[in-house]
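Asker: show me how the following folds:
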Amino acid sequence: MRNFLRHLILCGFEFKIYIYRRVLSSNRPSGNYKTVCPCLFVGAGAIRTGNNVQFGYYPSPFFYSGYSHFEARSPNAVIEIGDHTVLNNRTVLISEGGGISIGKDCLIGTSLQIYDTDFHTTDPALRHKEVPKPCRVIVGDNVFIGSDVTILKGVHIGNNCVVGAGSVVTKSFPDNLLIAGNPASKIRNL
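Answerer: Numbers count the residues shown, from 1 in each chain. As a prediction, this is how the structure comes out:
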């Protein structure tokens with residue numbers, strides 16, 4: 001009976017993945033990827049993946065209770081994800097046009113957020129009228145990003161870095177570092 005219920009739940013979950021991908025999404029990623037959790041792909045820009053990219057991970061947290069959001073908002077916005085990268089559940093990537101690039105062989109924890117824009121200016125008089133200029137975000141190859149990490153516009157994270165859980169990355173870091181904190185800072189060399 002228990003296996004039957006599990007099978008029934010997984011069938012319903014497969015239907016949820018299908019609805020997000022085929023009915024709710026207005027954008028289709030290019031490349032060779034596998035969707036394991038519900039993912040919404042939207043926007044007028046491009047979403048490109050390399051080979052064997054995986055969206056979602058079972059049995060990680062939020063597998064049944066959330067979805068991932070990938071939005072290339074403007075026509076010139078591009079989100080690129082390299083070969084063999086695994087993005088865990090509840091990932092949010094939003095590009096206004098600066099672009100987001102995640103390298104190959106990256107492992108990404110739950111609830112990652114990457115934005116290439118501030119969305120609104122800090123000037124109260126212009127907050128509803130002006131959108132700040134977006135700036136490209138680059139995550140290098142073989143980067144491990146823990147859960148609940150936020151990466152802000154203009155950041156470049158070097159190859160082989162580890163980003164600690166709960167970090168807010170506001171500036172760039174070179175290769176082979178462990179970084180963590182809010183705002184993130186160098187902890188040590190790897």
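
Asker: spatially nearest residue to residue 40 (excluding sequence neighbours)?
Answerer: residue 69 (5.1 Å; CB to CB, 6 or more residues apart in numbering). The C-beta positions use only the backbone N, C-alpha and C, and glycine is treated the same way.

Asker: just checking, next helix/strand downstream of the strand or helix carrying residue 69?
Answerer: Under the criterion of DSSP states H and E, residue 69 resides in strand 68-72. From strand 68-72 onward toward the C-terminus, using DSSP H and E, the following helix or strand is strand 78-81.

Asker: circling back: my guess is the residue nearest to residue 40 meets residue 94, correct?
Answerer: Yes: applying CB atoms under 8 Å, one finds residue 69 in contact with residue 94, separated by 7.5 Å.

Asker: what are the pairing partners of the strand holding residue 69, and which direction each?
Answerer: For strand 68-72, the pairing partners within the sheet under DSSP bridges are strand 39-42 (parallel), strand 92-95 (parallel).

Asker: ranking these by mean pLDDT, which is last?
Answerer: Among those, strand 39-42 has the lowest mean pLDDT, at a mean of 91.

Asker: which residues does that strand contact?
Answerer: Under the criterion CB atoms under 8 Å, 6 or more residues apart in numbering, residues 17, 20-21, 24-29, 47, 55-56, 67-72 lie in contact with strand 39-42.

Asker: just the buried subset of those residues, please.
Answerer: 17, 20-21, 25, 27, 29, 47, 55-56, 67-72 (16 or more other CB atoms under 10 Å).

Asker: single out the most deeply packed of the strands paired with strand 68-72.
Answerer: Between the strands paired with strand 68-72, the one whose residues have the most neighbours on average, counting mean count of other CB atoms under 10 Å, is strand 92-95 (a mean of 22).

Asker: surely residue 30 meets residue 46?
Answerer: Yes: applying CB under 8 Å as the test, residue 30 and residue 46 come out as touching, 7.2 Å apart.
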